[in-house]
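> sequence plus the predicted model coming up.
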Amino acid sequence: MLLHKPQKPTPPWRARAKPAGPPTLDGGQALRDLSFAQIVRSITERNRMMARTKRSRRSYGAGEWGRNRVRVFPDRKTGLYQMEWRENGRRLTRSLGHRDWTRAKRQADEAAAGVAGPERGGSPPGARGHGDGPGAKRQADEAAAGFAGPEMNGKAEAEPEPLTLEGLFEIYGEEVTPTKAYTSRMHDRAATAMFLDFLGRDRRPETLSRRDWDRFIRARRAGRIGPSDQPVGNRTVGADLTFLMAVLNWAARSKDEHGRLLLDRNPLKGLRKPVEKNPVRVVVTDKEYRALLKVSRQVGWRFHVALVLAHETGHRIGAIRHLRWSDVDFDRETIRWRSEHEKTGYEHRTPLSAKALAVLRQAWKRSPGIVDAPVLPSPKHPLKPVSPSQPHVWWCRAEQLAGIERKHRRGWHSLRRKFASDLMDQPLKVLCELGGWKNAKTVLNCYQ
């Protein structure tokens with residue numbers, strides 16, 4: 001007879017809290033009951049499932065694996081739905097050419113039925129609508145390519161969904177707008193929202209007419225539409241219509257995934273935009289420039305450099321703001337204006353005057369000595385140029401310090417007009433080269 005020795009009770013001061021149980025995985029199985037390899041596989045599978053959940057995106061499958069499996073999913077870059085299936089062990093993918101999720105799922109179901117084996121419908125191989133012969137493969141290929149869907153009970157797939165204004169602006173915004181400058185991108189987004197609200201998101205682009213053109217002009221002038229809800233002039237209306245014409249002209253020259261033009265033609269081609277009969281073009285006088293130059297250092301050394309360069313070179317403030325020290329050649333006393341920062345996309349070099357060279361040498365002493373650093377660096381980010389809105393703040397501050405009364409449309413571009421007026425005695429070709437004008441007609445119509 002085996003006798004067990006009674007255990008003494010544990011004193012309260014030695015009592016410790018025991019864990020509720022051994023550590024477990026998500027499935028509830030204790031770690032001590034698993035081998036090391038099983039633990040590693042369990043953790044790997046859990047991490048894989050968590051990663052799949054984070055990266056999940058919309059996908060739909062139809063048919064059976066190994067027979068007629070078809071999957072549709074959106075392309076990550078274009079957003080257009082893709083159809084994927086296997087043929088002779090190869091995985092094939094074709095674009096459906098649209099972004100309609102309901103339609104993509106319907107096409108997947110019909111394509112799966114079109115490539116089903118003979119057991120699915122009882123038809124022999126290669127029969128119409130069934131089988132895995134060449135006819136069924138051709139139907140699946142055509143359905144995936146978007147040209148024609150597999151015929152179900154004698155009914156063909158509907159025609160491709162017509163292009164709407166919303167779809168056209170969306171494509172333009174994804175492919176063209178990102179290539180523009182910051183201010184142009186902002187204008188594109190605001191104009192897109194305005195035109196979609198006014199013309200209708202489901203409107204067909206080819207149905208636009210002269211009536212829509214005139215109706216928009218009247219409503220925009222009156223302030224019934226637009227971001228500010230305020231009346232605007234012909235110049236603003238013309239800028240909005242220029243964007244609309246750019247979108248339609250681009251669609252008339254661009255093709256989709258199947259080689260078809262997005263638009264056969266621009267329905268608004270030939271219509272004239274409103275222009276101001278007596279445009280206000282303010283020119284800075286010599287007296288005003290000297291007053292601004294006198295207080296320029298109080299505003300800041302960056303404003304002083306920008307003011308002198310704008311007056312001496314006659315270039316736009318946007319091009320001056322993006323200047324880098326690699327563009328300045330002190331030995332040859334020239335400066336390079338890059339095409340990506342010029343409104344006309346015209347890259348050129350111009351000589352520097354003595355005053356421009358002097359302010360640039362002073363600014364170089366303040367620079368970190370990096371050749372590719374901006375001439376007018378941002379105070380917070382020395383390797384980036386000043387923000388687009390900062391020159392306007394400088395100008396308003398300088399006018400206030402100089403005691404100059406604020407005048408509508410007098411700003412940095414007024415110095416460009418002063419440059420053209422001061423060089424009226426020079427040959428027109430020379431003036432265009434110095435100021436960076438690509439077309440002499442612009443100088444004659446707008447600056448002299």
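That came through fine. The shown structure was predicted, so the numbers you read here are calculated from the model rather than taken from an experiment.
> just for this protein, where's the confidence low?
The model of the chain has pLDDT under 70 over residues 1-57, 66, 88-90, 115-160, 448.
> can you map out the strands along it?
60-62, 70-74, 81-87, 90-95, 328-329, 334-337, 348-351 (DSSP state E).
> mind listing the helices for the stretch 51-200 of the chain?
Listed in chain order, the helices of the stretch 51-200 of the chain (DSSP state H, counting those that start in this stretch) span 101-114, 118-121, 134-145, 165-175, 182-199.
> buried set for the first one?
By neighbour count, with 16 or more other C-beta atoms under 10 Å as the criterion, the buried positions of helix 101-114 are Arg103, Ala104, Lys105, Arg106, Gln107, Ala108, Asp109, Glu110, Ala111, Ala112, Ala113, Gly114. No exception for glycine: its C-beta is placed from N, CA and C like everyone else's.
> then stretch 202-215?
Buried residues in stretch 202-215, counting neighbours by 16+ other C-beta under 10 Å, are found at Arg203, Pro205, Leu208, Asp212, Trp213.
> quick revisit: of all the buried residues of helix 101-114, which comes closest to Pro279?
Ranked by distance to Pro279 (C-beta to C-beta), the buried residues of helix 101-114 are led by Arg103 at 49.6 Å.
> give me the neighbour count for the closest residue to the closest one other than its chain neighbours.
On the basis of C-beta to C-beta, 6 or more residues apart in numbering, the spatially nearest residue to Arg103 that is not a chain neighbour turns out to be Glu161, at 6.8 Å. By other C-beta atoms under 10 Å, the residues close to Glu161 number 14.
> please tell me how far Glu161 sits from His98.
Glu161 sits 5 Å away from His98, taking C-beta to C-beta, to the nearest Å as the criterion.
> next one: Arg253
Distance from Arg253 to His98, by C-beta to C-beta: 21 Å.
> for Pro379, what are its contacts?
Applying C-beta atoms under 8 Å, 6 or more residues apart in numbering to Pro379 gives the contacts Val386.
> now distance to Leu357 and mean neighbour count too, for the strands of the chain, in CSV please.
Supplementary listing: the strands of the chain in CSV, determined by distance: least, C-beta to C-beta, whole Å; neighbours: other C-beta atoms under 10 Å:
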stretch, distance to Leu357, mean neighbour count
strand 60-62, 66, 17
strand 70-74, 56, 20
strand 81-87, 58, 19
strand 90-95, 57, 13
strand 328-329, 9, 16
strand 334-337, 10, 18
strand 348-351, 10, 16
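> nearest to Val371, of those?
Between Val371 and the strands of the chain, the shortest gap by C-beta to C-beta is with strand 328-329, which sits at 9.5 Å.
> can you give the strand pairings for that closest one, parallel or anti for each?
Partner strands and pairing direction for strand 328-329 (DSSP bridges) are strand 334-337 (antiparallel).
> who's in contact with the strand it pairs with?
Residues outside strand 334-337 that contact it (C-beta under 8 Å, 6+ apart) are 313, 315, 319, 323, 327-329, 346-352, 356, 436.
> and those, which is closest to Arg224?
Ala319 (36.5 Å).
> so that closest one sits against Glu342, correct?
Yes: the pair Ala319 and Glu342 passes the contact test of C-beta atoms under 8 Å, sitting 5.7 Å apart.
> hey, what's in contact with both of those two?
Gly436.
> can I get stretch 251-262 in CSV? Just the C-alpha atoms.
Extracted in CSV, the C-alpha atoms of stretch 251-262 (Å, rounded to 0.1, in the frame of the first residue of the first chain):
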residue,chain,number,x,y,z
ALA,A,251,-9.5,63.3,-75.9
ALA,A,252,-9.8,63.8,-79.7
ARG,A,253,-6.1,62.8,-80.0
SER,A,254,-5.9,60.1,-77.4
LYS,A,255,-6.9,56.4,-77.8
ASP,A,256,-8.1,53.9,-75.3
GLU,A,257,-6.7,50.4,-74.7
HIS,A,258,-8.4,49.1,-77.9
GLY,A,259,-7.0,51.7,-80.2
ARG,A,260,-10.2,53.8,-80.4
LEU,A,261,-10.3,57.5,-79.9
LEU,A,262,-11.9,58.7,-76.7
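> report the buried residues of it.
Within stretch 251-262, the residues that count as buried by 16+ other C-beta under 10 Å are Ala251, Ala252, Asp256, Leu262.
> before we move on, what about stretch 414-427?
For stretch 414-427, the neighbour count (16+ other C-beta under 10 Å) marks Ser414, Leu415, Arg416, Arg417, Lys418, Phe419, Ala420, Leu423 as buried.
> and the last one, what does it touch?
Okay, so that is Leu423. By C-beta under 8 Å, 6+ apart, the contact list for Leu423 reads Gly314, Val430, Leu431, Leu434, Gly435.
> so what's Arg253 closest to, chain neighbours aside?
Leu261 (7.6 Å).
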